[in-house]
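Chemist: Need the 3D shape of this:
(2 chains)
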Protein chains: 2
Amino acid sequence: MSKTSILYQHGTLALLVPGLLDGTITMKEMLQHGDTGIGTGEGLDGELVILNGTPYQIDSHGSVNIVPDDFTMPFANIHFANYQKLFDVKDISQADLEKKVVSATSTNTFFSIEFSGTFTNIKTRAVKKSQKPYDTLAKTAECQSIFQRETVAGTMLSYYSPQLFDGAAVAGFHNHFLADDHTFGGHLLEFGSASGTVSIQQFDTLEQHLPVNNQEFSNFDFSGHDILGDIHKAES
Amino acid sequence: MSKTSILYQHGTLALLVPGLLDGTITMKEMLQHGDTGIGTGEGLDGELVILNGTPYQIDSHGSVNIVPDDFTMPFANIHFANYQKLFDVKDISQADLEKKVVSATSTNTFFSIEFSGTFTNIKTRAVKKSQKPYDTLAKTAECQSIFQRETVAGTMLSYYSPQLFDGAAVAGFHNHFLADDHTFGGHLLEFGSASGTVSIQQFDTLEQHLPVNNQEFSNFDFSGHDILGDIHKAES
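Modeler: Below you'll find the predicted structure:
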């Protein structure tokens, strides 16, 4: 098994729903499992994009910060980049892009998309850090900041998860974005059209790491929460 | 991360539901990821129990066979054993055992139970190998053999999976059994009471491996199948 066939995930999206937002892994630990990824900080402290081994945070003010080694996260995905070029696109809509990608691979497997190019009418969001006792994901999502650009050059980093793993991850596409000049980014909500190069990396293994030493997680009763419903509201 | 904190899983239970039963990993490959486990062979060829590095198959005739290296499987779990003793029990019912285990750990994490002792009124089943084109899990389950013993000494090997991973694994307990004298075993359906020693091993990582090179899996449309419903019918 090659290292580039593994998608490492710390925590699950389901943890975020009831507000289990303790940082349970450090960025230094995450970077042992890859050089490319996404995530969020303790208390939903912004949106993370890791590119070429450098971790960036887009905070709720829209600033892009380089993340220190001791930064902690409740949830993150990371892998060692080994993308294969899929195709070049020109003025493609987000829906058409997703269709084109899906038709080129299997939706029963985990894969990542790296899309470098120029994006128009792009909208991102960044969540705002909450303090303990943390809010639920639905509550935190109400306090998110929205950012927009008419045109921006940058990289969309996406993970696709099969329907069967909905709840552990976001079934379907989960997209983060970082502008080339580091003045814009976040969790990608939508874009109008985009031109550039689309590359794919398929995984055969999900390495799902759970924060078993976190008492609040271990003792939590998820049964009273609409985990999937709340994820789909917050992550769309 | 220690190797004993990892539960390795090849395939998902969801694959079995529509009859994606090609053997997509060999026993030799599986044994690189552990010395203790459960699974089934290509075409649902019996019930597997791996103990101390030796893989046993309980076939649909009730025979216990040692499995060769080139035996292939559509689904299996394996880990490196490092059990910690939980407690000794005497004449405990299956329901009380599960309650006692659950109260000693977290149901939000993956763990394994090894229960060595004497079991009364025990009932197991073993599925029968089907040929390609394979039957669905529900259909195959109709052709299973049921085995019973009034009293038998042996080992129950169980994996517990959190509710969130239902479909990938069996949420809750998934129990296989092997008699000490290798004359009885299979997928454990129920026992009346049991006495012996119960040990536990908690995992912080699920290493979920998917058969991405199997075209039937990659191309399959799961959306028309009641995956969870059929799993719960077949695995209970």
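
Chemist: Show me the helices in chain A, by range?
Modeler: Here chain A has its helices, by DSSP state H, at A:13-16, A:27-30, A:94-103, A:137-142, A:215-219, A:227-235.

Chemist: Now for the residue nearest the centre of chain A: which residues touch it?
Modeler: With distances taken as Cα atoms, centre = their mean, residue A:38 lies nearest the centre of chain A, 4.0 Å away. Listed by Cβ atoms under 8 Å, 6 or more residues apart in numbering or on different chains, the contact set of residue A:38 reads A:47, A:48, A:49, A:50, A:76, A:77, A:157, A:159, A:174, A:176. Quick note: C-beta positions are derived from backbone N, CA and C, even for glycine.

Chemist: Residue A:82 now?
Modeler: A:4, A:201.

Chemist: Quick check: the gap between residue A:43 and residue B:170.
Modeler: Distance, residue A:43 to residue B:170, by Cβ to Cβ, to the nearest Å: 34 Å.

Chemist: hmm, back to that, redo the helices of chain A as JSON lines? Include distance to residue B:227, mean pLDDT and mean neighbour count.
Modeler: As requested, these are exported to JSON lines (distance: least, Cβ to Cβ, whole Å; pLDDT from 0 to 100; neighbours: other Cβ atoms under 10 Å in any protein chain shown):
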{"stretch": "helix A:13-16", "distance to residue B:227": "18", "mean pLDDT": "91", "mean neighbour count": "26"}
{"stretch": "helix A:27-30", "distance to residue B:227": "31", "mean pLDDT": "98", "mean neighbour count": "20"}
{"stretch": "helix A:94-103", "distance to residue B:227": "20", "mean pLDDT": "97", "mean neighbour count": "15"}
{"stretch": "helix A:137-142", "distance to residue B:227": "26", "mean pLDDT": "84", "mean neighbour count": "17"}
{"stretch": "helix A:215-219", "distance to residue B:227": "26", "mean pLDDT": "95", "mean neighbour count": "15"}
{"stretch": "helix A:227-235", "distance to residue B:227": "15", "mean pLDDT": "78", "mean neighbour count": "17"}
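
Chemist: any chance of those in JSON lines, plus distance to chain B?
Modeler: What follows is these, written out as JSON lines (distance: least, Cβ to the nearest Cβ, whole Å):
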{"stretch": "helix A:13-16", "distance to chain B": "5"}
{"stretch": "helix A:27-30", "distance to chain B": "9"}
{"stretch": "helix A:94-103", "distance to chain B": "12"}
{"stretch": "helix A:137-142", "distance to chain B": "15"}
{"stretch": "helix A:215-219", "distance to chain B": "4"}
{"stretch": "helix A:227-235", "distance to chain B": "7"}
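
Chemist: re earlier: quick check, pLDDT for the residue nearest to the centre of chain A.
Modeler: We have a pLDDT of 98 for residue A:38.

Chemist: Just put the helices of chain A in a markdown table and tack on distance to residue B:152.
Modeler: Output for the helices of chain A, formatted as a markdown table (distance: least, Cβ to Cβ, whole Å):
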| stretch | distance to residue B:152 |
| --- | --- |
| helix A:13-16 | 39 |
| helix A:27-30 | 46 |
| helix A:94-103 | 51 |
| helix A:137-142 | 49 |
| helix A:215-219 | 35 |
| helix A:227-235 | 40 |
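
Chemist: quick one: low-confidence ranges for chain A?
Modeler: Within chain A, the segments meeting pLDDT under 70 span A:1, A:236.

Chemist: what does it put close to chain B?
Modeler: A:1, A:12, A:14, A:106, A:108-110, A:163-165, A:167-168, A:202-213, A:217-220, A:222-223, A:227 (Cβ under 8 Å from any Cβ of the partner chain).
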